[in-house]
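Peer 1: pasting the structure only:
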């Protein structure tokens, strides 16, 4: 089973967008297509090499996702992440 799946979250490890969180919208052999609903929309995803991306083992349903749904997914993740940091 391939560990890369559409709908998973990913953190950029390299480039000008380092540490930015995206949703994986598409896959190729060595590349992933990333969207954030704002700068990188569903119509214009960011193509990035898999080795420059860290998977976040959280998966969402993105079958009929539009930019608004992508933004909600990322906002929900950031809220959960912030809550976990405050508990520590």
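Peer 2: Thanks, I have the structure now. If you're wondering where the values come from, they're calculated on a predicted model, not measured in any experiment.
Peer 1: so where's the protein uncertain?
Peer 2: Where the chain drops to pLDDT under 70, the residues are 1-2, 88.
Peer 1: ranges for the strands of it?
Peer 2: With DSSP state E as the criterion, the chain has strands at 8-12, 21-27, 31-35, 46-49, 53-59.
Peer 1: got those as TSV, with mean neighbour count columns?
Peer 2: Where you see a C-beta, it was placed from the backbone N, CA and C, and this is true even at glycine. Formatted as TSV, the strands of the chain follow (neighbours: other CB atoms under 10 Å):
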stretch	mean neighbour count
strand 8-12	18
strand 21-27	21
strand 31-35	21
strand 46-49	16
strand 53-59	14
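Peer 1: next, format those as JSON lines and append distance to residue 74.
Peer 2: JSON lines is the format used below for these (distance: least, CB to CB, whole Å):
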{"stretch": "strand 8-12", "distance to residue 74": "8"}
{"stretch": "strand 21-27", "distance to residue 74": "6"}
{"stretch": "strand 31-35", "distance to residue 74": "9"}
{"stretch": "strand 46-49", "distance to residue 74": "14"}
{"stretch": "strand 53-59", "distance to residue 74": "11"}
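Peer 1: among those, which comes closest to residue 72?
Peer 2: strand 21-27 (10.5 Å; CB to CB).
Peer 1: can you list the strands that that closest one pairs with?
Peer 2: Next to strand 21-27 in the sheet, as set by DSSP bridges, lie strand 8-12 (antiparallel), strand 31-35 (antiparallel).
Peer 1: returning to that earlier point: out of the strands of the chain, flag the one nearest residue 82.
Peer 2: The minimum distance between residue 82 and these falls on strand 21-27, with 12.3 Å, by CB to CB.
Peer 1: what does that closest one rub up against?
Peer 2: Strand 21-27 is contacted from outside by 4-12, 32-37, 40, 42, 45-46, 56, 60, 62, 65, 70, 73-74, 77-78, using CB atoms under 8 Å, 6 or more residues apart in numbering.
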